[in-house]
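**Q** Everything below, folded, please.
(one chain, ligands or ions: 1)
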Amino acid sequence: MSAGLLERFDRVIARKGYANRSEAIRDLVRDRLVEEEWERGDHEVVGALTLIYDHDAQALIMKLMDLQHEMHGRVVSTLHVHLDAYHCLETMVLRGPADAVRETAEKIISLKGVKHGKLTATSVGEYLT
Ligand code: NI
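**A** Below is the predicted model:
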């Protein structure tokens with residue numbers, strides 16, 4: 001690795017608060033390995049899907065409830081926060097084969113009334129042990 005590249009890396013990890021280079025590299029490697037697990041579509045993963053939607057979107061709220069009952073094995077838990085007078089934030093923990101989790105998240109994000117949705121992909125898979 002070139003000295004310039006290493007120098008830039010050291011600046012970034014110092015800013016992020018890493019105690020040393022080894023800790024930072026370990027996190028990068030784990031992150032890449034989790035990605036690898038998600039790329040293997042049948043691999044068991046876990047994800048946190050965060051949604052923002054209108055408190056007034058009654059049809060969406062009913063649809064979300066129906067979906068969660070339909071997919072009770074896929075949706076592990078849901079956290080709801082009444083953000084302000086108009087907006088709700090919901091975080092759903094999804095688990096299952098990567099392709100199925102991704103598909104479920106995309107289906108939910110694309111529902112009419114969801115203003116923003118994001119899936120955080122993670123795993124406690126074989127690579128993290
Ligand atoms: Ni709410």
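
**Q** what ranges of the chain fall below the confidence cut-off?
**A** Within the chain, the ranges that satisfy pLDDT under 70 run 126-129.

**Q** Which positions within stretch 46-60 qualify as buried?
**A** Using 16 or more other C-beta atoms under 10 Å as the test for burial, stretch 46-60 gives V46, G47, A48, L49, T50, L51, Y53, A57, L60. Any C-beta I mention is one placed from the backbone N, CA and C, and that applies to glycine too.

**Q** Show me what stretch 4-18 is in contact with.
**A** R21, E23, A24, D27 (C-beta atoms under 8 Å, 6 or more residues apart in numbering).

**Q** How many residues are close by the last one?
**A** In other words, D27. 13 (other C-beta atoms under 10 Å).

**Q** Find the nearest non-adjacent residue to it, please.
**A** Once flanking residues are discounted, D27 sits nearest to Y18: 7.9 Å by C-beta to C-beta, 6 or more residues apart in numbering.

**Q** tell me which parts of this protein are close to the ion?
**A** When proximity is defined as C-beta under 5 Å from the ion, the chain approaches the ion at H82, C88.

**Q** Quick check, the residue in the chain closest to the ion?
**A** Per C-beta to the ion, C88 is where the chain lies closest to the ion, at 3.3 Å.

**Q** where's that residue, which helix or strand?
**A** C88 belongs to strand 87-97 when assigned by DSSP states H and E.

**Q** Enumerate the positions of whichever helix or strand comes after that strand that are buried.
**A** Moving toward the C-terminus from strand 87-97, the next helix or strand (DSSP H and E) is helix 98-109. Residues of helix 98-109 classed as buried by neighbour count (16+ other C-beta under 10 Å): A98, A100, V101, R102, T104, A105, I108.

**Q** now stretch 31-50
**A** Per 16+ other C-beta under 10 Å, stretch 31-50 contains these buried residues: V34, E37, W38, H43, E44, V45, V46, G47, A48, L49, T50.

**Q** Likewise for stretch 12-20?
**A** I13, Y18.
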